[in-house]
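In: Task: produce atomic coordinates for the following.
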Amino acid sequence: MSRVAVITGGAGGMGLATAKVVGRDHTVVLCDVRQDRLEQAMAALKDDGITATAINCDVTDRVAVARLFEAAAGFGTLHSVIHTAGVSPSMGDAEYVMRTNAVGTVNVNEIVFDIAAAGSAIVNVASMAAHMLPEELIPTGQFPQALQDADAFMSDMRSACNAIPEEARSGFAYAVSKSFVRWYSTSQAERFNTRGLRIVSVSPGSVETEMGKLEADAGAGAMVADFAVPRWGTPEEMAALLAFCVSDQAGYLTGTDILNDGGVIASMRERARVAAQGS
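Out: Predicted coordinates for the structure are as follows:
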């Protein structure tokens, strides 16, 4: 049977670019919540000679996610899951950002844990924002609640966000939600290995996608111009890494986050160290 790759957020820049890579040796199932963009993505893949199926799915809906994977099973054996679905601070309020990025990740990953055969792998997209918040601001102690009770988890996250000035809440929710993705992908690795599954996260920097550009005026543009690699990352650069993470060549890779940000975080930390020494 065919090896199947499911790509959530598959109509977005990174998702579509990754489909063009994994589609060379997988049957691709694209999931996205925007039907118009799904149709455009399918047309682009067809032009590249890649076989794909589009399924409209909201990752915050656990039942819809289960149906997505049921449908994917009809095309072959699930081998790879690339979870790129997510939203940025400019796309909604703190509640929407947190639910999409954190609860959506749990929904996708937990169903993969239940149904995938040994040898399968999932890579989750976090963000360099997950490397920016001071540890004391990240409500990590409440993160495990997401696996047992999504409503209680959201209540805890709502309380954490409400402590932040209103104008900064979406950005804070984004950083916390992506910290959750990073935490989940590392903390659950041992459990996933009991099923013979690998789980990894990738933290991109500022990437030249539609969503990435929404944040250009909110600070991302300045970071791109002022740090180690002074340019935006490309979807294709991210896709190559995402595809590698779920490939057979990465069979020893699990339980870690890979920061792919053009050196932004490294530059920030070194500059802070130098500034502290000089003060």
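In: Please enumerate the helices of the stretch 101-250 of the chain.
Out: Assigned by DSSP state H, counting those that start in this stretch, the helices in the stretch 101-250 of the chain fall at 104-115, 145-148, 150-162, 169-187, 189-193, 210-214, 220-226, 235-245.
In: Nearest to residue 36, out of those?
Out: Between residue 36 and these, the tightest spacing by Cβ to Cβ is seen for helix 210-214, at 12.5 Å. For the C-beta atoms, the positions are set from N, CA and C on the backbone; glycine is no exception.
In: Do me a favour and average the pLDDT over that closest one.
Out: Computed over helix 210-214, the mean pLDDT rounds to 60.
In: For the spatially most central residue of the chain, give me its contacts.
Out: Against the mean C-alpha coordinate of the chain, by Cα atoms, centre = their mean, the closest residue is residue 125 at 2.0 Å. For residue 125, the contacting residues are 9, 14, 83-84, 86, 181, 201-202, 204, 242, by Cβ atoms under 8 Å, 6 or more residues apart in numbering.
In: just to revisit the earlier point, deepest in the core, which of the helices of the stretch 101-250 of the chain is it.
Out: Of all the helices of the stretch 101-250 of the chain, helix 169-187 has the most neighbours on average by mean count of other Cβ atoms under 10 Å, namely a mean of 24.
In: which secondary structure elements does that helix contact?
Out: helix 94-98, helix 104-115, strand 121-125, helix 150-162, strand 198-204, strand 257-260 (3 or more Cβ pairs under 8 Å, 6 or more residues apart in numbering; DSSP states H and E).
In: Contact partners for the closest residue to residue 54 other than its chain neighbours?
Out: Nearest non-adjacent residue to residue 54, counting by Cβ to Cβ, 6 or more residues apart in numbering: residue 38, 4.4 Å away. Shown in contact with residue 38 (Cβ under 8 Å, 6+ apart): 10-11, 30, 32, 54, 56.
In: and what of residue 242?
Out: Contacts of residue 242 (Cβ under 8 Å, 6+ apart): 14, 18, 21, 82, 84, 123, 125, 202.
In: Confidence-wise, which helix or strand of this structure is lowest on average?
Out: Lowest by mean pLDDT, DSSP states H and E among the helices and strands of the chain is helix 210-214, with a mean of 60.
In: Pick out the most distant pair among the contacts of residue 242.
Out: 21 and 125 (14.8 Å).
In: element containing residue 78, please.
Out: Element membership for residue 78, per DSSP states H and E: strand 77-83.
In: Now do that strand and helix 235-245, the angle between them.
Out: Going by axes from the mean of the first three to the mean of the last three Cα atoms, to 10 degrees, strand 77-83 is angled at 140 degrees with respect to helix 235-245.
In: picking that back up, measure the residue nearest to the centre of the chain to residue 86 for me?
Out: 6 Å (Cβ to Cβ, to the nearest Å).
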